[in-house]
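sequence first, predicted coordinates after that:
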Amino acid sequence: MTDQAPDVSTLSFEQARDELVRVVSELEQGAPTLEHSLALWERGEALAARCEEWLLGAKRRLDAARAEADEQASAEADG
């Protein structure tokens, strides 16, 4: 990994996912040193957590939208 890699917290879901795919591929091919492998692993863990954060946020937004739609439908049915 390079010191120039962007901060994980600034990545979009797509950016984090794409970089995670690259990290996994590099780990599967075998890094040249143990230190590099550990750096890749740590970066991969951070990227996976960022992806999960985005997905949980999307789920919360969908749940809120569904709840709002259900409330509106219920109000219209009562009205």
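The structure has been received and is ready for your questions. Residues are numbered from 1 along each chain as shown.

average pLDDT across the helix or strand where residue 71 lies?
Taking DSSP states H and E as the criterion, residue 71 maps to helix 34-78. Mean pLDDT, helix 34-78: 95.

what packs against it?
Contacts defined by 3 or more Cβ pairs under 8 Å, 6 or more residues apart in numbering; DSSP states H and E place helix 34-78 against helix 13-29. No exception for glycine: its C-beta is placed from N, CA and C like everyone else's.

average model confidence for the helix it packs on?
Per-residue pLDDT values over helix 13-29 give a mean of 97.

name the residues that touch it?
5-6, 8, 11, 37, 40-41, 43-44, 47-48, 50-51, 54-55 (Cβ atoms under 8 Å, 6 or more residues apart in numbering).

go again using 10 Å as the cut-off
With Cβ atoms under 10 Å, 6 or more residues apart in numbering as the test, helix 13-29 has contacts from 1, 5-6, 8-12, 36-37, 39-55, 57-58.

in CSV, list the C-alpha atoms belonging to that helix.
What follows is helix 13-29, C-alpha atoms only, in CSV (Å, rounded to 0.1, in the frame of the first residue of the first chain):
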residue,chain,number,x,y,z
PHE,A,13,-19.4,3.3,-1.7
GLU,A,14,-18.3,2.6,-5.3
GLN,A,15,-14.7,3.8,-4.6
ALA,A,16,-14.4,1.7,-1.5
ARG,A,17,-15.8,-1.3,-3.2
ASP,A,18,-13.5,-1.0,-6.2
GLU,A,19,-10.4,-0.5,-4.0
LEU,A,20,-11.5,-3.5,-1.9
VAL,A,21,-11.6,-5.7,-5.0
ARG,A,22,-8.1,-4.6,-5.9
VAL,A,23,-6.8,-5.2,-2.4
VAL,A,24,-8.3,-8.7,-2.3
SER,A,25,-6.9,-9.5,-5.7
GLU,A,26,-3.4,-8.4,-4.6
LEU,A,27,-3.7,-10.4,-1.4
GLU,A,28,-4.7,-13.5,-3.4
GLN,A,29,-1.7,-13.0,-5.7
